[in-house]
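# Fold the following, please.
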Amino acid sequence: MSKGSVNLSEMVNNWPSPFVARGEVSRFTGGIINPKTLANLDSRGEGPAGRIRVGRKIAYPVQAFIEWLEKRATVVA
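Predicted coordinates for the structure are as follows:
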């Protein structure tokens, strides 16, 4: 891990599913990301890769979501 980067891989071990629903991202991240913000980013093509739709629900593979979140996060000194 380089200086200023964040390792959030422990979040994967604490989640009971291989997917995280968009409506659950706030709970998954401890309130860091709002589902509406993620929907807006998705509409601009800036959301996590690999999203799936099941009916009206959107979900992301947990590992892809973590990688996306790590790219957006930085350590503040």
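# lowest-pLDDT helix or strand in the protein?
Using mean pLDDT, DSSP states H and E, helix 10-13 stands out as the lowest-scoring helix or strand of the chain, at a mean of 78.
# next helix or strand past that one?
Next along the chain after helix 10-13, taking DSSP states H and E as the criterion, comes strand 19-21.
# quick one: contacts of that next one?
Strand 19-21 is contacted from outside by 28, 52, 57, 58, 59, 60, 61, 62, 65, using CB atoms under 8 Å, 6 or more residues apart in numbering. Glycine gets a C-beta too; all of them are placed from N, C-alpha and C.
# That strand pairs with which strands, and in what direction?
Within its sheet, strand 19-21 is paired with strand 57-61 (antiparallel), according to DSSP bridges.
# After the strand it pairs with, which helix or strand is next?
Next element after strand 57-61 (DSSP H and E): helix 62-72.
# and the least confident helix or strand of the chain, what does it pack onto?
helix 62-72 (3 or more CB pairs under 8 Å, 6 or more residues apart in numbering; DSSP states H and E).
# I'd like to know how many residues surround residue 60.
Counted with other CB atoms under 10 Å, residues neighbouring residue 60 total 24.
# Let me see the confidence value for the nearest residue to it once chain neighbours are set aside.
Nearest residue to residue 60, sequence neighbours excluded (CB to CB, 6 or more residues apart in numbering): residue 48, at 4.7 Å. For residue 48, the pLDDT comes out at 97.
# Quick check: residue 57 touching residue 23?
Yes. The pair residue 57 / residue 23 is scored as a contact, 7.2 Å apart, by CB atoms under 8 Å.
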